[in-house]
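1. just the structure for this:
(one chain, ligands or ions: 1)
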Amino acid sequence: MSKLIDGKLVSCAVKERIKAEVSELKNKGITVGLAVILVGEDPASKIYVANKKKACEALGIISQEYLLPENTTTEELLELIDTLNHEKTINGILCQLPLPKGIDEQTVINAILPEKDVDAFHPSNVGKIMIGDYDFVPCTPAGIMEMLDYYNIDICGKNCVVIGRSNIVGKPMSMLLLHKNGTVTTCHSRTNNLSEVTNKADILVSAVGKANFVTADMVKDGAVVIDVGMNRDNGKLCGDVCFDEVKDKASYITPVPGGVGPMTIAMLMQNTLTASKKQNGLL
Ligand code: GUN
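-> Alright, predicted model coming up:
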């Protein structure tokens with residue numbers, strides 16, 4: 001039987017730390033502010049954006065929400081980003097992805113000032129992560145690293161297998177594990193003999209987006225299993241991992257919900273705090 005990695009517990013610890021720091025800054029007359037932009041009506045995105053606003057309010061972070069219609073043009077969105085880039089009280093800008101068809105995502109990402117890019121999606125921040133000298137880390141991989149650290153799970157020299165190569169999760173995840181001296185393999189939809197690779201993993205991260213994708217036969221005895229999936233299986237929220245069968249083989253495992261999800265928002269708050277400290281000359 002494996003030990004559960006409790007993302008709710010770890011995220012609460014992170015948020016308590018942030019709340020205290022935000023309060024200390026306030027005493028010095030320094031505020032922390034995040035602008036979140038949502039274009040269109042994607043129901044999952046609406047929930048994520050509402051949760052980000054709630055988290056800001058709970059921690060004393062100023063939150064501005066911009067809900068734009070589905071037919072917003074790239075130019076209109078760029079105009080808003082330009083205004084927010086110049087807005088002193090806004091330290092972080094997040095544009096919720098995916099954007100509606102017709103808006104060029106990379107053009108929008110490129111327009112956010114790198115020092116306000118709390119998602120760490122701007123090419124300048126992506127490059128810094130590659131080098132290993134960074135201020136912001138994409139929130140999901142950052143949250144996973146925080147959980148591994150909280151449970152004293154050593155990465156150095158371990159076989160780390162990441163399934164998924166997205167810019168948001170897979171690629172930065174692989175890079176962070178590499179910076180901690182993991183021996184990292186990044187797998188994807190074209191990987192041959194996937195199960196053979198995953199069976200060598202001491203730490204297995206799945207960011208595929210398919211329910212029941214990781215089965216017990218793909219997991220080595222005693223592996224640490226991190227499930228990034230947020231899928232629906234007959235309406236029920238579930239991850240990529242067949243939790244009930246894998247939990248008996250893994251040494252540690254994250255549940256869905258209550259694993260990676262709560263950490264993602266906590267790390268967004270952390271990046272926003274870092275942005276304010278940098279912009280106010282405290283870092
Ligand atoms: N959509 C899904 N995850 C994310 C994220 O981490 N940031 C943004 N901006 N959009 C997302």
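2. how about D117, what does it touch?
-> 92-93, 109, 124-125, 136 (Cβ atoms under 8 Å, 6 or more residues apart in numbering). (Each C-beta comes from the backbone N, C-alpha and C, glycine too.)
3. now the closest residue to the ligand within the stretch 151-283 of the chain: closest residue in space that isn't a chain neighbour?
-> With Cβ to the nearest ligand atom, the shortest gap between the stretch 151-283 of the chain and the ligand falls at I168, namely 5.5 Å. Leaving aside its chain neighbours, I168 sits nearest to P138 (5.8 Å; criterion: Cβ to Cβ, 6 or more residues apart in numbering).
4. what of D202?
-> K158 (4.1 Å).
5. which residues touch the one you found?
-> Neighbouring residues of K158 by Cβ under 8 Å, 6+ apart: 182-183, 202-203.
6. contacts only, for whichever residue of the stretch 51-200 of the chain sits closest to the ligand.
-> Relative to the ligand, the nearest point of the stretch 51-200 of the chain is L97 (3.7 Å; Cβ to the nearest ligand atom). Going by Cβ under 8 Å, 6+ apart, L97 touches 45, 105, 168.
7. any idea which of those has the most stuff around it?
-> When these are compared by neighbour count (other Cβ atoms under 10 Å), I168 ends up highest, at 18 neighbours.
8. show residues contacting the strand or helix carrying I18.
-> Per DSSP states H and E: I18 is located in helix 7-27. Residues from elsewhere that reach helix 7-27 (Cβ under 8 Å, 6+ apart): 31-32, 55, 58-61, 143, 146-147, 150, 254-255, 258-263, 265-267, 269-270, 273, 276-277, 280, 282.
9. of these, which belong to strands?
-> Counting by DSSP state E, those place none of their members in strands.
10. among the residues you listed, which are in helices?
-> 55, 58-59, 143, 146-147, 150, 260-263, 265-267, 269-270, 273, 276-277 (DSSP state H).
11. any chance of a PyMOL selection covering the buried ones in the residues you listed?
-> A single PyMOL command selects the buried members of the ones in helices among the contacts of helix 7-27 (16 or more other Cβ atoms under 10 Å):
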select buried, resi 55+59+143+146+147+150+260+261+262+263+265+266+267+269+270+273+276+277
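12. out of the ones in helices among the contacts of helix 7-27, which are close to the ligand?
-> The subset of these within reach of the ligand, by Cβ under 6 Å from any ligand atom, is empty.
13. R232 touches C238, doesn't it?
-> Yes: contact criterion Cβ atoms under 8 Å: R232 and C238 qualify, at 7.3 Å.
14. neighbour count winner among those two?
-> Shown here are R232 and C238; by other Cβ under 10 Å, C238 has more neighbours (19 against 10).
15. and the helices in the stretch 1-150 of the chain?
-> Here the stretch 1-150 of the chain has its helices, by DSSP state H, counting those that start in this stretch, at 7-27, 43-59, 74-86, 105-111, 123-131, 139-150.
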